[in-house]
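Asker: show me how the following folds:
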Amino acid sequence: MSAALSLASPRRHGVAVAASVSLVLIGAAFLLPLAWILLAALDANATVSVKLPTSWTLENFTAIMSVEGTLRPLWNSALISLGTATLCVVVSVLAAYPLSRFQMRFNRAFLYTILFGTCLPITAMMVPVYALFVSFRLLDSLPGTVLFMAATSLPMAVWMMKNFMDSVPISLEEASWVDGASGMAALWHVVVPLMKPGIAVVFIYVFTAAWGNFFVPFVLLMSPENQPAAVAVYTFFGSHGEIAYGRLAAFSIFYSLPVLLLYVLVQRRSGGGFAMAGAVKG
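Answerer: Below you'll find the model as predicted:
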């Protein structure tokens, strides 16, 4: 048996160099698109190449700053994403509670069925969904789109929420029951406050998925005044292959800011992790 490699061994050093080079390449793959967005937004003659602008300008930002072109699509995206995430979080908490707290014979089968629901391709469902929306007269309706997008995000949200809820000790609820609290009161006043970081994770997951969803709003929302930013970005692509790269990059910056701000806000408010030390005495 050979001795373990020391920290100063040549083989160990080679592995460290290879890992560092791989991380640098992965980082460059993420940073280059971001660099293109920032540089192209300030370039009067922006192209698809990453380069320093020959003439710096803010014209790309002023050109897209209009109610119809930018503000209304961003507002529609906010309504759809916030509505989808809020509805999905509330329903997933109510659905995950009995799955987490009650032992039933079909719990595991039901959870795997839920997980299977996340594997269904959205493109395969859109034809019957479109016919359903026509029958119920929900086409070109923001509330109808929110309901459908919340339904498609619900399986994964329930699966994640159930795992987060499992980490909350049931003895805390039992103590509240002794004090006279009902099951729903224990859920909203004991369990939910303790799993705020988990709720934040589910909220961000659903919000970002809805914010970046192009296909569903493109099919279900017809009028331009109801289309979100994910669909409005398509207007920067001309009918003959011409693309306004500078305006596209400027719009992409505005399009990315809400999600970045949400990540920063939730990270600062959640504190990072479940803080239940000392909640249950041994």
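Asker: tell me how far residue 97 lies from residue 157.
Answerer: 13 Å (Cβ to Cβ, to the nearest Å). Placement of C-beta: from N, CA and C, glycine included.
Asker: other residues contacting stretch 47-56?
Answerer: 32, 35-36, 39-40, 42-46, 243, 245 (Cβ atoms under 8 Å, 6 or more residues apart in numbering).
Asker: so which of the residues you listed wins on neighbours?
Answerer: residue 40 (25 neighbours; other Cβ atoms under 10 Å).
Asker: secondary structure element for that one?
Answerer: Using DSSP states H and E, residue 40 sits in helix 10-41.
Asker: any regions of the stretch 101-250 of the chain where pLDDT drops low?
Answerer: 238-241 (pLDDT under 70).
Asker: re the thing from before, more crowded one of residue 97 and residue 157?
Answerer: Using other Cβ under 10 Å as the criterion, residue 97 and residue 157 rank with residue 157 on top: 27 against 20.
Asker: which secondary structure element contains the more buried one?
Answerer: Using DSSP H and E, residue 157 falls within helix 142-166.
Asker: now for the helix or strand that that helix is followed by, which elements pack on it?
Answerer: Next helix or strand after helix 142-166 toward the C-terminus (DSSP H and E): helix 170-178. With contacts defined as 3 or more Cβ pairs under 8 Å, 6 or more residues apart in numbering; DSSP states H and E, the packing partners of helix 170-178 are helix 183-186.
Asker: which helices and strands does the helix or strand following the helix it packs on pack with?
Answerer: Per DSSP H and E, helix 183-186 leads on to helix 192-194 as the next helix or strand towards the C-terminus. If contacts are counted by 3+ Cβ pairs under 8 Å, 6+ apart, helix 192-194 sits against no helix or strand.
Asker: how far off centre is helix 192-194?
Answerer: Centroid separation for helix 192-194 versus its chain: 21 Å, with Cα atoms, centre = their mean, to the nearest Å.
Asker: give the buried residues for it.
Answerer: Neighbour counts over helix 192-194 (16 or more other Cβ atoms under 10 Å) mark 192, 194 as buried.
Asker: stretch 242-251 now?
Answerer: Buried, per 16+ other Cβ under 10 Å, within stretch 242-251: 244-251.
Asker: which of those lies closest to residue 115?
Answerer: For the buried residues of stretch 242-251, the closest approach to residue 115 (Cβ to Cβ) belongs to residue 251, at 36.0 Å.
Asker: in what helix or strand does the closest one lie?
Answerer: Here residue 251 is assigned to helix 245-270, by DSSP H and E.
Asker: and the contacts of stretch 47-56, which is closest to residue 107?
Answerer: Looking across the contacts of stretch 47-56 and measuring by Cβ to Cβ, the closest to residue 107 is residue 32, at 46.2 Å.
Asker: that closest one and residue 94, how far apart?
Answerer: 44 Å.
Asker: show me what contacts residue 202?
Answerer: 88-89, 92, 157, 160-161, 164.
Asker: tell me which two of the residues you listed sit farthest apart.
Answerer: Largest pairwise distance in the contacts of residue 202, by Cβ to Cβ, is 14.1 Å, between 88 and 164.
Asker: between those two, who's got more neighbours?
Answerer: Shown here are residue 88 and residue 164; by other Cβ under 10 Å, residue 88 has more neighbours (28 against 23).
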